[in-house]
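*Asks:* quick one, structure for this:
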Amino acid sequence: MPKREITPMQVPGEERAVLWLTAVGHLPKGTVVKAPGTLGPLMEYGVLEAITVDSGGVTTWLAEPHTWTDHGPRIRDAVRLAVDLEGWETA
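*Replies:* Now for the predicted structure:
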């Protein structure tokens, strides 16, 4: 199975947020309350403070005191895999 293309973009004015550009037309839009795969536990255990889905992709907000240097690759991989899984719930 080929890897899904995903591109990180800065969110203006939000240094702790990254918009992961990828096709998400099949996902429910809004604030994520439950995410599949390893993405959900990243929120449950406080690495991510919020996740949203909109037409452009998935936006993740890193919780303090975590850094993108430490967690960026793990979050990228979690988003890349999760967007193709069932189990997304949004508010």
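*Asks:* next one, pLDDT for Pro2 please.
*Replies:* At Pro2, the pLDDT value in this model is 60.
*Asks:* shift numbering so it begins at 166
*Replies:* Right, with 166 as the first residue, what we last looked at is Pro167.
*Asks:* contact partners of the lengthiest helix in the chain?
*Replies:* Assignment by DSSP state H gives helix 233-247 as the longest helix of the chain. Here helix 233-247 makes contact (Cβ atoms under 8 Å, 6 or more residues apart in numbering) with 168-169, 171, 173, 183, 185, 187, 200-205, 207, 212-213, 223, 225, 227, 253. Quick note: C-beta positions are derived from backbone N, CA and C, even for glycine.
*Asks:* and those, which of them are in strands?
*Replies:* Secondary structure from DSSP state E places 173, 183, 185, 213, 223, 225, 227 of these in strands.
*Asks:* just give the number of residues close to Val237.
*Replies:* Heads up, residue 237 is Gly, not Val. 15 (other Cβ atoms under 10 Å).
*Asks:* state the pair within the ones in strands among the contacts of helix 233-247 that is farthest apart.
*Replies:* The distance between the two most remote of the ones in strands among the contacts of helix 233-247 (Cβ to Cβ) is 14.1 Å, for Pro173 and Leu213.
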